[in-house]
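show me the folded form of this:
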Amino acid sequence: MRQAVCVNTPIPERRNKQSPLTRRHLASLKGTCPYYRPNKKVRYAAGFVSLLESLPHKQMLSVIPGLMRHFSRRTYYRVRKGERPLSPSEQQVVLNALKRCGVKEPKDFDAYFEEYDW
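Presented below is the predicted three-dimensional model:
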């Protein structure tokens with residue numbers, strides 16, 4: 001006799017739901033507000049095709065798998081072409097991957113722009 005098995009697992013609730021902030025909620029927070037974002041612009045990078053093309057082929061082949069593991073394959077290609085911007089911390093991930101593979105002084109990303117980090 002076969003037994004039925006439910007493959008649907010409950011979907012966990014999101015931890016940080018977007019809802020209006022009330023004064024009571026803000027007053028209950030201890031320390032700094034986790035929702036606060038400064039109104040300073042951040043420098044984003046767009047694309048790094050030219051950076052990879054400037055590398056010797058062997059180095060380029062050693063850098064790409066690590067970046068694919070970090071970003072996922074699909075996101076890696078979007079980030080590389082500049083379809084998705086790179087935050088400053090993600091830029092550092094790319095630069096660290098290049099340094100681990102022996103690149104002494106990496107070149108600049110394809111483009112930069114400033115935007116609010118909201």
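
tell me the secondary structure at the nearest residue in space to Met68 that is not next to it in sequence.
With Cβ to Cβ, 6 or more residues apart in numbering as the criterion, Met68 has its nearest non-adjacent residue at 4.7 Å, and that residue is Tyr76. All C-beta atoms are positioned from the backbone trio N, CA, C, and that covers glycine. Under the three-state scheme (DSSP: H, G, I helix; E, B strand; the rest coil), Tyr76 adopts helix.

just Ala97 next, same as before
Assignment for Ala97 (three-state DSSP): helix.

need the pLDDT of the most centrally placed residue in the chain.
Taking Cα atoms, centre = their mean, the centroid of the chain lies closest to Glu90, which sits 5.1 Å from it. Model confidence at Glu90, given as pLDDT, is 95.

distance from the chain centre to the helix or strand containing it, please.
Glu90 is located in helix 88-100, with elements delineated by DSSP states H and E. Centroid displacement of helix 88-100 relative to its chain, using Cα atoms, centre = their mean, to the nearest Å, is 11 Å.

may I see the buried residues of it?
For helix 88-100, the neighbour count (16 or more other Cβ atoms under 10 Å) marks Glu90, Gln91, Val94, Leu95, Ala97, Leu98 as buried.

let me have those residues in CSV, extended by distance to Leu26.
Converted to CSV, the buried residues of helix 88-100 look like this (distance: Cβ to Cβ, whole Å):
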residue, distance to Leu26
Glu90, 31
Gln91, 33
Val94, 37
Leu95, 38
Ala97, 40
Leu98, 43
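
could you tell me the end-to-end distance of stretch 71-87?
13 Å (Cα to Cα, to the nearest Å).

quick check: Leu61 vs Met68, distance?
12 Å (Cβ to Cβ, to the nearest Å).

which regions of the protein sit below the pLDDT cut-off?
By pLDDT under 70, the low-scoring segments of the chain are 1-20.

which parts of it are helices?
23-28, 49-53, 57-71, 73-81, 88-100 (DSSP state H).

that older thread, Leu61 and Met68: which is more packed in?
Between Leu61 and Met68, counting by other Cβ atoms under 10 Å, Met68 is the more crowded of the two (15 against 11).
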